[in-house]
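# Next one to model:
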Amino acid sequence: MARGLQNIFDVPELKRKLWFTFIIVVIYRIGGHITTPGIDVSRLIEWFGQQQNTIFGLMDMFVGGGLQRATIFALGIMPYISSSIIFQLLPPVFPYFEKLQKEGEEGRKKINQYTRYGTVVLSFIQSVGIATFLQGLGAVSMSNLWLFRMTTVVSLTTGAVLVMWLGEQITERGIGNGMSLLIFFGIVDRFPGAVLQSIEMLRNDVIGIIPMLLLVAVMVAVVAGVIVMTLATRKIPIQIPKRMVGRRVLGGQQTHLPLRINSAGVMPIIFAQSIIVVPATLSSFIAPGTWLEDLAGYFNPQTNSYVFFYSLLIVFFTYFYTAVIFNPVDLAENFKRQGGFIPGIRPGARTAEYIDKVLTRITLPGAIFLVAIAVLPIYMLRIINVPFYFGGTSLLIVVGVALDTIQQMESHLLMRHYDGFMKKSRVPSRRFM
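Prediction:
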């Protein structure tokens with residue numbers, strides 16, 4: 001692995017991409033510590049301390065704590081992600097967007113442009129809502145409220161658009177997926193604080209050495225499980241027959257269609273968390289003693305009812321999101337046009353039914369895996385009194401983004417005739433100018 005790391009800097013193109021990505025990430029983290037003018041940050045942090053199980057705590061996790069500090073990047077990449085999800089769900093409903101999806105590269109460019117416009121609109125709406133909320137919370141230090149609203153809306157909207165641009169620059173000129181990397185570093189930014197807090201609790205005998213070792217062992221096992229399930233695929237054999245093109249014989253090879261066990265990725269957990277925290281979020285704005293507060297009690301993370309409904313939502317959204325992003329009918333039609341077929345399965349409708357059947361079966365263990373990853377931190381918090389940040393959404397994002405980035409770096413090394421990170425070098429290292 002050490003040799004693989006050294007090979008990174010032997011490839012000029014890969015080295016430039018890494019340095020470019022590093023500079024963009026530094027800019028993003030600097031912006032994540034610049035506070036929007038006219039806000040009483042101490043009052044806001046105090047309020048956020050009571051909102052860990054609400055939608056505000058969930059959003060703050062994705063932006064690396066920027067929301068509770070009211071920084072210019074407080075909205076982070078979330079407006080872009082929300083806009084992307086909206087335009088991913090539109091094609092099955094609106095034929096125009098379904099047509100764009102089938103137009104290839106030009107269609108994708110138009111959808112990306114619509115996604116950017118949607119990001120600006122969502123950023124503006126959220127900025128107005130945050131400005132109004134801060135005013136009602138009493139976290140405003142400016143006397144001119146209209147100036148405060150205008151400053152906040154402009155700062156947050158511009159910051160969200162700039163974050164979107166930074167992510168796109170990483171994708172085009174850096175290494176890895178820019179949007180995912182920005183979320184990755186926003187989450188990882190909290191890890192050192194959680195580790196120091198755990199060490200301090202260990203020193204003060206708040207937690208014993210045995211529970212701490214158990215926590216570390218569980219964390220290592222969970223990370224290993226996430227890596228295995230993230231890379232796990234079900235390969236369906238595809239036979240491509242021989243065909244004559246002029247004087248050349250093409251095809252005649254056997255390949256496979258890889259279906260990932262966890263095709264939906266982290267999105268089911270994000271959707272489930274966004275819904276299950278709604279009662280707790282609403283109850284924080286109303287007077288105590290109402291029926292909504294009683295309802296929110298059933299959705300407290302410390303209750304078994306919360307775990308039950310949370311698990312059901314994850315399973316539901318796993319199947320829902322997989323059905324949205326994966327269309328067996330289109331896939332079967334593409335195979336039919338190219339002359340490919342699954343051995344023993346008739347082309348066309350039967351192929352689509354077979355792929356849908358296989359996908360339905362392998363989605364169940366993927367859904368159960370997501371439930372286990374999301375629920376495990378809840379039980380760990382009950383057993384061990386320590387901040388558990390290696391779980392659920394954050395864990396899947398961190399591991400998934402890390403694997404994707406490593407795979408891209410591996411491909412750069414292999415293209416230049418270098419071995420990867422986990423292989424022993426078999427050829428002398430060479431520099432390519």
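# SS state for residue 33?
Under DSSP: H, G, I helix; E, B strand; the rest coil, residue 33 falls in the coil class.
# Please work out which residues outside stretch 363-382 touch it.
215, 218, 222, 225-226, 229, 260-264, 268-269, 272, 301-302, 306-307, 310-311, 314-315, 318-319, 322, 388, 390-393, 395-396 (CB atoms under 8 Å, 6 or more residues apart in numbering). For the C-beta atoms, the positions are set from N, CA and C on the backbone; glycine is no exception.
# Return the subset of the residues you listed lying in strands.
residue 260 (DSSP state E).
# hmm, which of the contacts of stretch 363-382 are the buried ones?
With burial judged by 16 or more other CB atoms under 10 Å, the buried subset of the contacts of stretch 363-382 is 215, 218, 222, 225-226, 229, 260-264, 268-269, 272, 301, 306-307, 310-311, 314-315, 318-319, 322, 388, 390-393, 395-396.
# just checking, which of the residues you listed belong to helices?
Using DSSP state H, the members of the buried ones among the contacts of stretch 363-382 that fall within helices are 215, 218, 222, 225-226, 229, 268-269, 272, 306-307, 310-311, 314-315, 318-319, 322, 392-393, 395-396.
# What residue spans form the domains of the chain?
According to automatic domain parsing, the chain comprises the domains 9-190, 197-388.
# Residue 81 and residue 266, how far apart?
As judged by CB to CB, to the nearest Å, residue 81 and residue 266 stand 11 Å apart.
# Mind checking which of these two has more residues around it?
Neighbour count, other CB atoms under 10 Å: between residue 81 and residue 266, residue 266 has more, with 24 against 21.
# so where's the protein uncertain?
1-7, 9, 49-58, 242-252, 280-293, 296-297, 381, 384-393, 416-433 (pLDDT under 70).
# Spell out the residue ranges of the strands in it.
Secondary structure of the chain by DSSP E: the strands cover 233-240, 243-245, 248-250, 253-260.
# of all those, which lies closest to residue 192?
Among those, strand 253-260 comes nearest to residue 192, with 31.8 Å by CB to CB.
# Give the partner strands of that closest one in its sheet and their orientations.
Sheet pairing for strand 253-260, assigned by DSSP bridges, gives strand 233-240 (antiparallel).
# how far is the strand it pairs with from where the chain is centred?
Centroid separation for strand 233-240 versus its chain: 28 Å, with CA atoms, centre = their mean, to the nearest Å.
# which parts of that strand are buried?
236, 238, 239, 240.
# Provide a list of residues in contact with the third one.
What it means is residue 239. Taking CB under 8 Å, 6+ apart as the test, what residue 239 contacts is 254, 340, 341, 342, 343.
# residue contacts, the second one?
Under the criterion of CB under 8 Å, 6+ apart, the contact partners of residue 340 comprise 238, 239, 240, 241.
# same thing with the first one?
For residue 254, the set of contacting residues under the criterion of CB under 8 Å, 6+ apart consists of 237, 238, 239, 240.
# Would you format these as TSV with distance to residue 126 included?
Shown next, in TSV, are these (distance: CB to CB, whole Å):
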residue	distance to residue 126
237	47
238	45
239	50
240	48
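# Mean neighbour count, the domains of the chain: which tops it?
Sort the domains of the chain by mean neighbour count, taking mean count of other CB atoms under 10 Å, and domain 9-190 sits at the top with a mean of 18.
# residue ranges for the helices of the stretch 51-200 of the chain, please.
Along the stretch 51-200 of the chain, counting by DSSP state H, counting those that start in this stretch, helices occupy 55-62, 78-89, 95-101, 105-137, 145-173, 178-188, 191-203.
# Which one of those lies nearest to residue 295?
From these, taking CB to CB, the stretch that ends up closest is helix 55-62, at 15.6 Å.
# what's the offset of the longest helix along the chain from the middle of its chain?
For the chain, the helix that runs over the most residues, judged by DSSP H, is helix 349-383. Mean C-alpha position of helix 349-383 versus that of the full chain (CA atoms, centre = their mean) differs by 17 Å.
# what angle sits between that helix and strand 233-240?
170 degrees (axes from the mean of the first three to the mean of the last three CA atoms, to 10 degrees).
# And the closest residue to residue 271 other than its chain neighbours, how far from residue 85?
Spatial nearest neighbour of residue 271, excluding adjacent residues (CB to CB, 6 or more residues apart in numbering): residue 317 at 4.3 Å. As for residue 317, its distance to residue 85 is 12 Å (criterion: CB to CB).
# Spit out the residues that contact these two alike.
residue 267.
# beta partners of the closest residue to residue 343 other than its chain neighbours?
Leaving aside its sequence neighbours, residue 343 sits nearest to residue 239 (CB to CB, 6+ apart; 5.4 Å). Under DSSP bridges, the beta-bridge partners of residue 239 are residue 254, residue 341.
# ok, of the contacts of residue 340, which one's closest to residue 403?
Nearest to residue 403, judged by CB to CB, of the contacts of residue 340 is residue 238 at 25.0 Å.
# mind listing what that closest one touches?
Counting by CB under 8 Å, 6+ apart, residue 238 has contacts 254, 255, 256, 257, 335, 340, 341, 342.
# The fifth one reaches residue 351, doesn't it?
What that stands for is residue 335. Yes. Contact criterion CB atoms under 8 Å: residue 335 and residue 351 qualify, at 6.3 Å.
# ok, back up a step: Serialize the contacts of residue 238 to CSV and add fields for distance to residue 35.
Converted to CSV, the contacts of residue 238 look like this (distance: CB to CB, whole Å):
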residue, distance to residue 35
254, 59
255, 54
256, 52
257, 50
335, 55
340, 57
341, 60
342, 58
